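Chemist: sequence first, then the predicted structure:
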Amino acid sequence: MTTAMTTATGTAREFRLPDVGEGLTEADVVTWHVAVGDVVEENQTLVDIETAKSVVELPSPYAGEVLELLAAEGDTVEVGTPIIRIGAATGTSHAGPQLQEPEEPREPREPREPKPLVGYGARPESSRGRRRRPGTRPGTRPGTHPQTPDHGAPDAAGERPRAKPPVRRLAADLGVDLGEVVATGPDRVTTREDVERHAARSDPSREVPSREVRTPVAGVRKHTAAAMVASAFTAPHATLFTTVDATATMDLRERLRRRPEIGGAPLSPLVFVARAYLRALTRTPVAHARWVDLEDGSAEIVQPPHVHLGIAAATPRGLVVPVLRQADTLALPALASAIGELTATARAGRTPPEAMTGGTATITNVGVFGIDGGTPILNPGETSILAVGAVRRRPWVVTDPDGSHERLEPRSVMQLSLSFDHRVVDGAEASQVLADTAAVLEDPGMAML
């Protein structure tokens, strides 16, 4: 529940960090969208927080005037910790609905409670954040006005520059005004390279200090690291490789791009590999089952009815794996649209935590980085993960259908690697999955069988 207190301007309330679900107990304060003195409306976005899985916007549960920011950008705050104090608006020219509602003419009533957020008010005994700099108060930065978040100077469009806390610290160390830096990151986020480039350009005679850089392990990277360690030391990994002549699939891709049935969906090579992989998993369903340890010391293999396909996506915040539910039921156009939406949302940092759970198999596209292949680590709880390498034009020995003649031709070639949990899948079953995937990519007509 919120905490009410009496102040000189009336009733004020502290908004506590809500429970964002999925068992997450803390979050980082990324960007405040309000400052002390601002008048906010109900459901107006107050702040962006970063959990171990995604960036989440927190709306205000009530209207009023911002009296104090109780957590600074960069703080790691536990669920239930107060992060902002809002009181009744003192102005009348631009104020939205007031914090306290007027009483009904006929009978008094209790003040309206704010709209509840998910798990709002969990762990109310917690009252402190972490990673706050010594000598600063909540909502302040060294050299800034008390209780005002350090967004930097407004840019030409009047917007405050966006940057993560480590980048802001670098800018302060180098004496760089973030408002003067050209941001090249996604969604106009200022990166470390932007700051260093600006510093070098502003003072060519001064070299950017060469120093040891320490970056706290938090958010997505912390979650990913823990998950990968747990997976590597729980499931016995094995990996198989194959090289595929995907020329026929690439030709099909070019033809389908012009078809109205596709509806403009992005037809990346990943879409065709995903379709072939899904078909292979339905033919060998144990490859998307999961191993479950029981309390009595025994274990069982649980086979779900559908394939929920995880799509590993590299984002500015690290690796995230949003899940496409019942992907095995989707035709190619729908699969292409779904993968495009999934990856775009992930790169924007807007994938909700619940969309990154429940996967039964995963596909990771290292080819977008120009890499030919690798040995991927399983997502915890899953049995297989397919890595897709870059499509390259290479000389390839082509054999006539009757086997009578061979010739050397330039072909579109890619490498696939399948890691699997050897407790659940044996070598023959994993080989079948990889061979079935490759067969469809070499001859898309195989999908008709």
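Modeler: Thanks, I have the structure now.
Chemist: contacting residues around the closest residue to residue 181 other than its chain neighbours?
Modeler: Closest residue in space to residue 181, ignoring its immediate chain neighbours: residue 198 at 4.6 Å, by Cβ to Cβ, 6 or more residues apart in numbering. From N, CA and C alone the C-beta is placed, and that goes for glycine too. Residues in contact with residue 198 (Cβ atoms under 8 Å, 6 or more residues apart in numbering) are 176, 180-182.
Chemist: highest neighbour count among the residues you listed?
Modeler: Using other Cβ atoms under 10 Å as the neighbour criterion, residue 181 leads those with 24 neighbours.
Chemist: tell me the pLDDT of it.
Modeler: Note on residue 181: pLDDT of 90.
Chemist: tell me who's in contact with it.
Modeler: 161, 171, 190, 194-195, 198 are the contacts of residue 181 under Cβ under 8 Å, 6+ apart.
Chemist: likewise for residue 243?
Modeler: Per Cβ under 8 Å, 6+ apart, neighbours of residue 243: 413-416.
Chemist: which of the contacts of residue 198 lies closest to residue 228?
Modeler: When the contacts of residue 198 are compared for distance to residue 228 (Cβ to Cβ), residue 181 wins out at 33.5 Å.
Chemist: spell out the secondary structure type for residue 72.
Modeler: coil (DSSP: H, G, I helix; E, B strand; the rest coil).
Chemist: which parts of the stretch 51-200 of the chain are helices?
Modeler: According to DSSP state H, counting those that start in this stretch, the stretch 51-200 of the chain carries its helices in the segments 165-174, 192-202.
Chemist: as CSV, the contacts of residue 198 with distance to residue 300 would be great.
Modeler: Output for these, formatted as CSV (distance: Cβ to Cβ, whole Å):
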residue, distance to residue 300
176, 58
180, 61
181, 55
182, 56
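Chemist: which one of the residues you listed sits closest to residue 223?
Modeler: Looking across the contacts of residue 198 and measuring by Cβ to Cβ, the closest to residue 223 is residue 181, at 29.2 Å.
Chemist: relative to residue 196, how far out is that closest one?
Modeler: 10 Å (Cβ to Cβ, to the nearest Å).
Chemist: in three-state terms, label the most far-flung residue of the chain relative to its centre for me.
Modeler: Outermost residue of the chain with respect to the C-alpha centroid, by Cα atoms, centre = their mean, is residue 404; its distance is 51.9 Å. Assigned by three-state DSSP, the conformation of residue 404 is coil.
Chemist: so what pLDDT did it get?
Modeler: 88.
Chemist: and it, its phi and psi?
Modeler: Here is the backbone geometry of residue 404 (degrees, to the nearest 10): phi -80, psi -20.
Chemist: for it, give me its contacts.
Modeler: Applying Cβ under 8 Å, 6+ apart, no residues contact residue 404.
Chemist: circling back to that earlier point, buried deepest among the helices of the stretch 51-200 of the chain, which one?
Modeler: Counting by mean count of other Cβ atoms under 10 Å, helix 165-174 has the highest mean neighbour count of the helices of the stretch 51-200 of the chain, with a mean of 19.
Chemist: now for that one, which elements pack on it?
Modeler: Packing contacts for helix 165-174, counted by 3 or more Cβ pairs under 8 Å, 6 or more residues apart in numbering; DSSP states H and E, involve helix 192-202.
Chemist: now the next helix or strand after the helix it packs on: how far from the chain's centre is it?
Modeler: Using DSSP states H and E, the next helix or strand after helix 192-202 towards the C-terminus is helix 219-232. Averaging C-alpha positions (Cα atoms, centre = their mean, to the nearest Å) puts helix 219-232 14 Å from its chain's average.
Chemist: buried residues of helix 219-232, list them for me.
Modeler: Residues of helix 219-232 classed as buried: 219-220, 223-224, 227, 231 (neighbour count, 16 or more other Cβ atoms under 10 Å).
Chemist: mind putting those residues into JSON lines with distance to residue 343 and pLDDT?
Modeler: Converted to JSON lines, those look like this (distance: Cβ to Cβ, whole Å; pLDDT from 0 to 100):
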{"residue": "219", "distance to residue 343": "19", "pLDDT": "71"}
{"residue": "220", "distance to residue 343": "15", "pLDDT": "73"}
{"residue": "223", "distance to residue 343": "19", "pLDDT": "77"}
{"residue": "224", "distance to residue 343": "17", "pLDDT": "81"}
{"residue": "227", "distance to residue 343": "19", "pLDDT": "84"}
{"residue": "231", "distance to residue 343": "22", "pLDDT": "91"}
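Chemist: just the residues you listed now: which is nearest residue 44?
Modeler: residue 219 (24.6 Å).
Chemist: residues contacting that closest one?
Modeler: 28, 50-52, 317-318.
Chemist: for residue 254, give me the pLDDT.
Modeler: 92.
Chemist: residue 313 too?
Modeler: For residue 313, the predicted pLDDT is 89.
Chemist: ok, residue 132 next?
Modeler: Looking at residue 132, the pLDDT reads 43.
Chemist: residue 417 too?
Modeler: At residue 417, pLDDT is 98.
Chemist: for the one 4 residues further on, same thing?
Modeler: Each residue has a pLDDT score; the one for residue 421 is 96.
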